[in-house]
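Visitor: Here is my input; please provide its structure:
(one chain, ligands or ions: 1)
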Amino acid sequence: MANWNNINLNLNVRGLSPSATLAINEKSLELIKSGRQVYRMGLGQSPFPVPERVVQALRDNAHQKAYLPVKGLPLLREAVAGFNKHTQGIETLPENVMIGPGSKELIFLLQLVYYGDLVIPTPSWVSYSPQARIVGRHVYWVQTSADNFWRLSPDQLDKICRTDPLRPRIVILNYPSNPSGYTYPLERLKELARVARKYRVILVSDEIYGLLHFNHQHVSVARFYPEGTIISSGLSKWCGAGGWRLGTFSYPPQLDWLRDAMAIVASETYTATSAPIQYAAVTAFQGGEDIETYLFHSRRILKALAKYLVKRLSEINIRIPMPQGAFYLFPDFGLYREKLAERGIFTSVEMCKALLEETGVAILPGYDFGREPAELTARLAFVDFEGEPALAATHGDYLDREIDESFIRNYAPRLVRAFDLLNGWFASL
Ligand SMILES: Cc1ncc(COP(=O)(O)O)c(C=O)c1O
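Guide: Okay, here's the model as predicted:
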């Protein structure tokens, strides 16, 4: 019999470290198990419940047991096309919508089937670049800065493309952004679209937080570069259904060959997205007054929290402009560099680790989003509160009242406490 101890089978495994977000979550769970209180500002999971009518639709469709078409349930593809029309005025043919088990999987499939470089601004969401590495694509990080709201500029994009104009490229734009919460102004989108068209790059417009633009003013770049833009979205953020695993890609007719290539790989891997979830998603994408109301109040709460937390950060002299959507802040704690260095802390990873161990506050280091190790940025996800009672209060006592600090103290006490601890930690360095 073979002696398994002597064989280094693990050398045959395509090795990558686990997703950064999951790693901090696991560390947090470890601390919780050992009896410690942890404030979870690491994982970007929506705090809000799935709207009741969508949950009911899932109950009603629990019996749906057949495999669905690989590109998705036709009714759902129609609903997503209608959603694009309704929210952005964009015409999408239902056959050009593809449904997948999360937009993450769809972005991965795209990178797998398309032989092109990946161009992403830094900071960017944690998974784009590891996905590219898994499938052996070259990643081109574009440096951005806090002064520019961490945005990719049209000049930067032009400069990259100019060096090798015919090279195939995928550029991912995510707005409102994870990790910063900032979005692109209309004029900037138009200019980016112009450059993208000039070099025929494939734009992936990751609009998973689009409906969580605080002022409900999200604009898709697909309006200005329809022929080359894939809109990526899903149920995870605006509908509070991350665990349901449903994502959508909306393609222009010009990219139907990409859609078909992705569908072939999908058919040989996950076959189709879960049937009951797809039926329930029809209700979500068709929308209605109740869902509009749910979104209206979700945005109100998130905006008020962002405002409060930006103010809390200023108490320790960390000043950042107000984000425009989603549930993230991306401050730079560089002001504390010397004091941190005195404690042997030189990188964002070390900073977040020490903060977690010493205060129980879990945040993610800027390094995980493509920033230089020594830059002391971090992402704070302000989701550690109960979304259900908070939403109920906005329908009740707070229907016509501004969401003020007393609301935040009552309905997001853990966030308040987390910021007390975080501020206390930096102040005591
Ligand atoms: C920017 C961004 N894009 C895509 C995703 C993937 O979402 P899902 O796979 O749940 O659709 C996330 C999830 O955190 C995200 O933050």
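Visitor: Just to check, residue 177 is in contact with residue 326?
Guide: Yes - under the criterion of CB atoms under 8 Å, residue 177 makes contact with residue 326 at 7.0 Å. For the C-beta atoms, the positions are set from N, CA and C on the backbone; glycine is no exception.
Visitor: quick one, which of these two is more surrounded?
Guide: Counted by other CB atoms under 10 Å, residue 177 and residue 326 do not tie: residue 326 has more neighbours, with 30 against 27.
Visitor: what sits against that one?
Guide: 176-178, 181, 209, 212, 237, 302 (CB atoms under 8 Å, 6 or more residues apart in numbering).
Visitor: one step back: which residues do residue 177 and residue 326 both contact?
Guide: With CB under 8 Å, 6+ apart, residue 177 and residue 326 have common neighbours residue 209.
Visitor: ok, how many other residues are close to residue 413?
Guide: Residue 413: 13 surrounding residues under other CB under 10 Å.
Visitor: wait, I meant residue 397
Guide: Quick note: residue 397 (other CB under 10 Å) scores 11 neighbours.
Visitor: before we move on, back to that, show me which pair in the contacts of residue 326 is furthest apart.
Guide: 177 and 302 (14.1 Å; CB to CB).
Visitor: if we can go back for a sec, Serialize the contacts of residue 326 to JSON lines and add fields for pLDDT.
Guide: Listed next are those as JSON lines, based on pLDDT from 0 to 100:
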{"residue": "176", "pLDDT": "98"}
{"residue": "177", "pLDDT": "98"}
{"residue": "178", "pLDDT": "97"}
{"residue": "181", "pLDDT": "98"}
{"residue": "209", "pLDDT": "98"}
{"residue": "212", "pLDDT": "98"}
{"residue": "237", "pLDDT": "97"}
{"residue": "302", "pLDDT": "98"}
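Visitor: Of those residues, which is the most crowded?
Guide: residue 181 (32 neighbours).
Visitor: Might you report the residue contacts of it?
Guide: 306, 323-330.
Visitor: try 6 Å
Guide: Residue 181 sits next to 323, 326, 328 when contact means CB atoms under 6 Å, 6 or more residues apart in numbering.
Visitor: Show me the residues you listed that map onto strands.
Guide: Those of the contacts of residue 181 mapping onto strands are residue 328, per DSSP state E.
Visitor: Make TSV from the contacts of residue 181 and add distance to residue 296 and pLDDT to it.
Guide: Formatted as TSV, the contacts of residue 181 follow (distance: CB to CB, whole Å; pLDDT from 0 to 100):
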residue	distance to residue 296	pLDDT
323	18	98
326	16	98
328	20	98
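Visitor: Sketch out the low-pLDDT regions of this protein for me.
Guide: 1-23 (pLDDT under 70).
Visitor: ok, now with 80
Guide: The chain contains residues with pLDDT under 80 at 1-26.
Visitor: got the residues of it near the ligand?
Guide: Selection of the chain residues close to the ligand by CB under 6 Å from any ligand atom yields 44, 102-104, 125, 174, 178, 206, 208, 234, 236, 242, 247.
Visitor: In helices only, show me those.
Guide: 103-104 (DSSP state H).
Visitor: how about the residues of the chain next to the ligand in a markdown table, adding distance to residue 67?
Guide: Output for these, formatted as a markdown table (distance: CB to CB, whole Å):
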| residue | distance to residue 67 |
| --- | --- |
| 44 | 31 |
| 102 | 18 |
| 103 | 21 |
| 104 | 22 |
| 125 | 30 |
| 174 | 31 |
| 178 | 32 |
| 206 | 28 |
| 208 | 26 |
| 234 | 20 |
| 236 | 23 |
| 242 | 24 |
| 247 | 18 |
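Visitor: Thanks a lot, catch you later.
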